[in-house]
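Trainee: Provide a 3D model corresponding to the input given below.
(chains A, B, C and D)
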2 protein chains.
Amino acid sequence: MTLTQEQLRQLSVPERLGRVARQWQAIADKELAPLGLTYPRWSAMWKLARIGDGVSQKQLAEALELELGSLMRTLAQLEEQELVTRKASPDDGRAKQVFLTNSGHALVRKMEAKILKVRRALLANIEDEELETVKKVLAMISYNANHMSEAQQADRNNEDEV
Amino acid sequence: MTLTQEQLRQLSVPERLGRVARQWQAIADKELAPLGLTYPRWSAMWKLARIGDGVSQKQLAEALELELGSLMRTLAQLEEQELVTRKASPDDGRAKQVFLTNSGHALVRKMEAKILKVRRALLANIEDEELETVKKVLAMISYNANHMSEAQQADRNNEDEV
DNA sequence: TCTCTTTAGTTAGCACGCTAAGTATAATAA
DNA sequence: TTATTATACTTAGCGTGCTAACTAAAGAGA
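Mentor: Prediction:
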């Protein structure tokens, strides 16, 4: 049996979203591997640099839209690489603040060019206006998903009550 | 430190793509869990039903844009659940053909309504035209990524030669 | 034909995001 | 103040996609 090009390229929206995300992250991985980084690690560092040193792990997880449990491993690895440090918060005995180390800051500066290079290459031949539409639609799907999650949660609670 | 809503919602394009893909698949997971399925499993069955029984594992992997190695585990699980079977190809001693079982076919019919329900809910308030733009842009990024992967590969070969 | 290369499948191990369960601290209510 | 609840963190285990290394069969070339 032979599949047509048509059949090979027809992914559903969620399949295509996942696929493109994996492709992008794989390419970024290869660009950043010489710096000793993987996608989730530089992503966390990049975000940390942008929102500012000293936020809690929880705040960083929210900014990355990740579960705290998912971020923990990544931060432990970055700490192992001496790119970030975690210190107990003086204000809240439960919280730990995350800081970039000096080498962490230095690495962020090196990352920037490579991140932008990948971005430029992958967004080639796409109009600004089209990209804006994509961002808007993705935000809308996220919004719908958050509401649907709550509805699913409510469904499950109702089942319990009945 | 307090983060503004603005800061919390600013993900880069690849971060947002991954996030939306995870959200969509998580919601689909919850809808389909009662049928005993996870997202990659129903996705494989759904694709198999669409491109037709009897394709090789390799062909199914290409249609799903997954590596063969990634698909193997999923197919083993589906075979364990007696939803698909794999038979040696009569034409090619290396290949195995994948078939839906009777219960597999039955399950595909049950899946359809749930998949469409999730799709409708998540694409609510999005214009057809906007969705078309998204599909087009994602296809363009995939295309750019494929070309960039080749370029990265060439880079690496050059390094070897030098 | 015989050899070399390519291809389909297989297995093993890594990285990542998730949820669940548990601990310690903070905030709130009685 | 004391008891309850909520929050921040931590750890462990699951499911997934990937690459790497390997086997066996098919195809191509000398």
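Trainee: Can you show me the strands along chain A?
Mentor: A:84-88, A:96-100 (DSSP state E).
Trainee: Report the buried residues of the last one.
Mentor: What it means is strand A:96-100. A:97, A:98, A:100 (16 or more other CB atoms under 10 Å in any protein chain shown). Any C-beta I mention is one placed from the backbone N, CA and C, and that applies to glycine too.
Trainee: will you turn the strands of chain A into CSV that also has mean pLDDT and distance to DNA strand C?
Mentor: Below are the strands of chain A laid out as CSV (pLDDT from 0 to 100; distance: least, CB to the nearest atom of the strand, whole Å):
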stretch, mean pLDDT, distance to DNA strand C
strand A:84-88, 96, 9
strand A:96-100, 97, 11
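Trainee: Minimum distance to residue B:19: which of those has it?
Mentor: strand A:96-100 (20.3 Å; CB to CB).
Trainee: For the closest one, name the packing helices and strands.
Mentor: helix A:39-51, helix A:57-64, strand A:84-88 (3 or more CB pairs under 8 Å, 6 or more residues apart in numbering or on different chains; DSSP states H and E).
Trainee: would JSON lines of those with mean neighbour count and distance to residue A:31 be doable?
Mentor: What follows is the helices and strands packed on strand A:96-100, written out as JSON lines (neighbours: other CB atoms under 10 Å in any protein chain shown; distance: least, CB to CB, whole Å):
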{"stretch": "helix A:39-51", "mean neighbour count": "21", "distance to residue A:31": "10"}
{"stretch": "helix A:57-64", "mean neighbour count": "20", "distance to residue A:31": "20"}
{"stretch": "strand A:84-88", "mean neighbour count": "16", "distance to residue A:31": "21"}
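Trainee: So residue A:29 versus residue B:62, what's the distance?
Mentor: As judged by CB to CB, to the nearest Å, residue A:29 and residue B:62 stand 22 Å apart.
Trainee: Check residue A:95 too.
Mentor: 48 Å.
Trainee: rewinding a little: among the helices and strands packed on strand A:96-100, which comes closest to residue B:89?
Mentor: Of all the helices and strands packed on strand A:96-100, helix A:39-51 comes closest under CB to CB, at 37.5 Å.
Trainee: So which residues on chain A come close to DNA strand C?
Mentor: Contact residues (CB under 7 Å from any atom of the strand) of chain A with DNA strand C: A:38-41, A:43, A:66-67, A:69-71, A:73-74, A:77, A:92-94.
Trainee: and if we set it to 6 Å?
Mentor: Contacts of chain A with DNA strand C, taken as CB under 6 Å from any atom of the strand, map to A:38, A:40, A:41, A:66, A:67, A:69, A:70, A:74, A:77, A:92, A:93, A:94.
Trainee: picking that back up, closest one to residue B:54 among the helices and strands packed on strand A:96-100?
Mentor: helix A:39-51 (37.3 Å).
Trainee: for chain A, which helix is longest?
Mentor: helix A:128-161 (DSSP state H).
Trainee: who in chain A is up against DNA strand D?
Mentor: So chain A meets DNA strand D at A:22, A:56, A:57, A:58, A:68, A:69, A:72, A:94, A:95, A:96 (CB under 6 Å from any atom of the strand).
Trainee: In this model residue A:68 seems to touch the fourth one, though I could be wrong.
Mentor: Think residue A:58. Yes: if you go by CB atoms under 8 Å, residue A:58 and residue A:68 touch, sitting 5.8 Å apart.
Trainee: nearest residue to the most centrally placed residue in chain A other than its sequence neighbours?
Mentor: With distances taken as CA atoms, centre = their mean, residue A:64 lies nearest the centre of chain A, 5.4 Å away. Distances taken as CB to CB, 6 or more residues apart in numbering or on different chains place residue A:47 nearest to residue A:64, at 5.5 Å, with adjacent residues excluded.
Trainee: show me what contacts that neighbour?
Mentor: A:60, A:63, A:64 (CB atoms under 8 Å, 6 or more residues apart in numbering or on different chains).
Trainee: and the gap between it and residue B:93?
Mentor: 51 Å.
Trainee: Ok, residue A:99 next?
Mentor: 59 Å.
Trainee: same thing with residue A:113?
Mentor: Residue A:113 is 50 Å from residue B:93, by CB to CB.
Trainee: And the two? Which one has more around it.
Mentor: Neighbours per residue, other CB atoms under 10 Å in any protein chain shown: of residue A:113 and residue B:93, the larger number sits with residue A:113, 10 against 7.
Trainee: Please tell me the pLDDT value assigned to that one.
Mentor: pLDDT recorded at residue A:113 is 92.
Trainee: how does chain A divide into domains?
Mentor: A:19-124, A:126-155 (automatic domain parsing).
Trainee: can you list these in a markdown table and add distance to residue B:147?
Mentor: Listed next are the domains of chain A as a markdown table, based on distance: least, CB to CB, whole Å:
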| stretch | distance to residue B:147 |
| --- | --- |
| domain A:19-124 | 8 |
| domain A:126-155 | 14 |
